[in-house]
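Participant: What follows is a predicted protein model with its sequence.
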Amino acid sequence: MRSLQDRLPAESATENTGALKILVAEDSAADRLILQSMLQRSGHEVVLAEDGESAITAFSECHPDLVFLDVIMPNVNGIEAARRIKSLAGDELVPVIFLTSLADAESLATCLDAGGDDFLSKPYNQIVLDSKIKAFSRMREMHRTVAHQKDQIALHNKHLIQEQNVAKQVFDKIAHAGALKLDIIRYYMSALAVFNGDVLLAEVSPRGSLFVVLGDFTGHGLPAAIGSMPLAATFYGMVGKGFSLADILREINQKLYQTLPVGLFCCATCVDINFKKNRISVWNGGLPDNILYRHKTRTYERVKSSHLPLGVLSNRDFKADTQVLHLEPGDHFLMWSDGIQEARNRAGVMFGEDNINAVLDSSLDASAVYAQILKNVQEHIGSTEKDDDISLVDITFPEDDSKVQGLVPKSGMRNGYLEDWELTLTLVASSLKTFNPLSLLIHVISEVPGLRQNSSVLYTVLSELFNNALEHGVLGLESSIKSSPTGFAEYYRLRKEGLEALTEAFVRFEFRHEVRENGGMLTITVVDSGKGFVPQDLPLTGDPQKLPASAQYYGRGLTLVASICDSLQILPPGNRVRVQFSWNYEE
């Protein structure tokens, strides 16, 4: 059988000349000769056959564009020949026109059932003959175009599936199972396409809290993959480093806002379950109501969506506030995508909110609610093809600690991140002239789980300590120069000249971090090559805004640092400043 590509050159020739290759099977020599003459007069190539058997053989050898078959022929009659010719033609459209003098409707219907496309009554009329041939020629051209488009669609669909499979493989590596394997989490996710528009992520933070995100992106397949990958990468990276839920939400929202095109966003529910404090913090942006089902009373509380989806607003307008609920042993938290309510049966009727409420109001045991909702949805859909992704998640607050043992790492940290460590960085004169070390130092400090959320505060501390060491220690500048507004310009002129003339000098940072019960202690010592100094009459604790009026323009740096840190020491001879900063995981 010829492929579509094999046919294209011949089809193109036919299209240009209007001539067709036509098979005529007629047992009457006179009728056969008449029809041959009429067809050749119209410019067509004619292949002749005397009976049904020779017609089938000729079709296999010559591959005609059109077939004329007498109904009543020896060996194999026209009806059986039509069936076998249509079988040999396969997907290719080869019109079969029966040559007949039959008039009864039943006989004509039998011819059509055998694969015939039309009739040509005897005696033959040239005008009718040419009209039928032109009509079927147009039909063949239309069929050829449709077949070519079908092949193109199939090819594009194959490429699309391949691209989605590649995207899914990449996504599966980024969005690993995480904590989804925990016994306290049950979930069902049924994808409409290769790549699910819904995404479910779960991970345990260094302080032992369980973070879970259920997201529902607009669209399916590759459009959903565009947002799912940065969402998953950001989520796992930040949870593992001890970020708060608010920080994680803001970062994900900013990434999606910058990445996704207009009209593509992620409805999501994000939760932080604190097993120590027996509470759950919930952020719902655009998903259906979440349900906290109470084990003891067999009642439930709703957490409604109070935010816009992720990726809609810039971080300036984005709100990360959460609803906090107390948990009791055996309570269940359920969340789902809108594919649950919008699941349709064969009649097109949606599952709807009422069916969910019926399950919730049935006073089932908390552990049975998830299974009952899922069972009812699947029975409602039946064998109907889904028109949206369906996701359902159930998180159980355990009745004893055995199911959460091992969630909290022994040190409160996670492998792969800084715990107890020391670091020394020394900047000599050439670097002091051109390099600001603060970004580098903050980057290192941020590798400590929990410290990243204090990075802005620590930046202020390091900035003040560095400027104090460089300007007052190394360059020997007096703060009192800045006692008036005009003194600032003079101060920074001297600073610039001092750096340009600098030859032998250094500033050294010494860091030490120690892990503690629920956080850690960071000790920072800054040493400079200056002769040392001791600030006079300036408090090293308290509010820098309450300094004496004479010191409002200068001398505020160390006081500000002292108000931030747990302690501040100026060690003899005054060129060594040490601060201690303690931090705790968010409770």
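Facilitator: Looks like it arrived, so ask away. Numbers count the residues shown, from 1 in each chain.
Participant: switch to C-alpha atoms for all contacts and neighbour counts from now on
Facilitator: OK.
Participant: How many residues are close by Ala109?
Facilitator: 11 (other Cα atoms under 10 Å).
Participant: Give the helix, strand or coil label for the residue positioned nearest the centre of the chain.
Facilitator: In the chain, the C-alpha nearest the mean C-alpha coordinate belongs to Ser228, at 1.7 Å (Cα atoms, centre = their mean). Classification of Ser228 by DSSP: H, G, I helix; E, B strand; the rest coil places it in helix.
Participant: which non-adjacent residue is nearest it?
Facilitator: Excluding its sequence neighbours, the residue lying closest to Ser228 (Cα to Cα, 6 or more residues apart in numbering) is Val199, at 6.9 Å.
Participant: same thing with Arg512?
Facilitator: Here the residue nearest Arg512, using Cα to Cα, 6+ apart, is Glu422, at 4.4 Å.
Participant: State the distance from the one you found to Leu214.
Facilitator: 39 Å (Cα to Cα, to the nearest Å).
Participant: Counting neighbours, go ahead and name the busier of those two.
Facilitator: Leu214 (23 against 14).
Participant: low-scoring stretches of the stretch 401-550 of the chain, by residue?
Facilitator: 401-418, 449-450, 533-550 (pLDDT under 70).
Participant: got the residue ranges for the helices in it?
Facilitator: Counting by DSSP state H, counting those that start in this stretch, the stretch 401-550 of the chain has helices at residues 429-434, 438-445, 455-467, 485-500.
Participant: so which of the ones you listed comes closest to Ala25?
Facilitator: helix 438-445 (86.4 Å; Cα to Cα).
Participant: between that closest one and helix 455-467, how many degrees?
Facilitator: 130 degrees (axes from the mean of the first three to the mean of the last three Cα atoms, to 10 degrees).
Participant: Going by neighbour count, list what's buried in helix 438-445.
Facilitator: In terms of neighbour count (16 or more other Cα atoms under 10 Å), helix 438-445 has its buried residues at Leu441, Ile442, Ile445.
Participant: again, but for stretch 575-587
Facilitator: Asn575, Arg576, Val577, Arg578, Val579, Gln580, Phe581, Ser582, Trp583, Tyr585.
Participant: thinking again about what came up before, could the buried residues of helix 438-445 be laid out in JSON lines, adding distance to Val527?
Facilitator: Output for the buried residues of helix 438-445, formatted as JSON lines (distance: Cα to Cα, whole Å):
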{"residue": "Leu441", "distance to Val527": "15"}
{"residue": "Ile442", "distance to Val527": "18"}
{"residue": "Ile445", "distance to Val527": "19"}
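Participant: sorry, back to before: please identify which of the helices of the stretch 401-550 of the chain is closest to Gly348.
Facilitator: helix 455-467 (53.6 Å).
Participant: and for that closest one, what are the contacting residues?
Facilitator: Outside helix 455-467, the residues within contact range by Cα atoms under 8 Å, 6 or more residues apart in numbering are Leu438, Ile442, Ile445, Ser446, Val507, Val526, Gly557, Leu558, Val561, Ile564, Val577.
Participant: Leu112 contacts Glu106, doesn't it?
Facilitator: No: between Leu112 and Glu106 there is no contact under Cα atoms under 8 Å: 10.0 Å.
Participant: the more surrounded of these two?
Facilitator: Neighbour count, other Cα under 10 Å: between Leu112 and Glu106, Leu112 has more, with 17 against 9.
Participant: Can you check my assumption that the more buried one lies in a helix?
Facilitator: Yes: under three-state DSSP, Leu112 falls within a helix.
Participant: for the chain, what's the longest helix?
Facilitator: Counting residues, the longest helix found in the chain (DSSP state H) is helix 126-174.
Participant: next one: the helix or strand following it to chain centre, how far?
Facilitator: Sequence order places strand 185-190 as the next helix or strand after helix 126-174, per DSSP states H and E. Relative to the mean C-alpha coordinate of its chain, strand 185-190 is positioned 17 Å out (Cα atoms, centre = their mean, to the nearest Å).
Participant: Sheet-wise, list the partners of whichever helix or strand comes after strand 185-190 with their directions.
Facilitator: As assigned by DSSP H and E, the chain's next helix or strand after strand 185-190 is strand 198-204. Partners of strand 198-204 in the sheet, by DSSP bridges, are strand 210-217 (antiparallel).
Participant: what does the strand it pairs with rub up against?
Facilitator: So strand 210-217 is contacted by 197-205, 224, 227-228, 239, 245, 264-274, 287, 335-337 (Cα under 8 Å, 6+ apart).
Participant: Straight-line length of stretch 100-114, end to end?
Facilitator: Terminal-residue distance, stretch 100-114 (Cα to Cα): 14 Å.
Participant: typo on my end, it should be stretch 301-318
Facilitator: Note: stretch 301-318 ends 25 Å apart using Cα to Cα.
Participant: If we go by neighbour counts, what in it is buried?
Facilitator: Those would be 303-315, 318, for stretch 301-318 by 16+ other Cα under 10 Å.
Participant: now it: mean pLDDT?
Facilitator: Across stretch 301-318, pLDDT averages out at 93.
Participant: Contacts for that stretch, please.
Facilitator: So stretch 301-318 is in contact with 250, 252-258, 260, 264-268, 282-294, 319, 323, going by Cα under 8 Å, 6+ apart.
Participant: ok so, going back, out of the contacts of strand 210-217, which are buried?
Facilitator: Buried among those by 16+ other Cα under 10 Å: 197-205, 224, 227-228, 239, 245, 264-274, 287, 335-337.
Participant: The residue nearest to Arg512 touches Phe511, doesn't it?
Facilitator: Yes: in this structure, Glu422 is within contact of Phe511 by Cα under 8 Å, at 5.4 Å.
Participant: Quick check: neighbours shared by these two?
Facilitator: Common neighbours of Glu422 and Phe511 (Cα under 8 Å, 6+ apart) do not exist.
Participant: Of the buried residues of stretch 301-318, which pair is most distant in space?
Facilitator: Val303 and Ser314, at 24.0 Å, using Cα to Cα across the buried residues of stretch 301-318.
Participant: coming back round to it: just curious, which of the contacts of helix 455-467 is nearest to Glu50?
Facilitator: Ser446 (90.7 Å).
Participant: isn't the closest one right next to Arg452, touching?
Facilitator: Yes: using Cα under 8 Å, Ser446 makes contact with Arg452 at a distance of 4.4 Å.
Participant: So if I had to pick from the two, which one is more boxed in?
Facilitator: Between Ser446 and Arg452, counted using other Cα under 10 Å, Arg452 has the larger neighbour count: 22 against 18.
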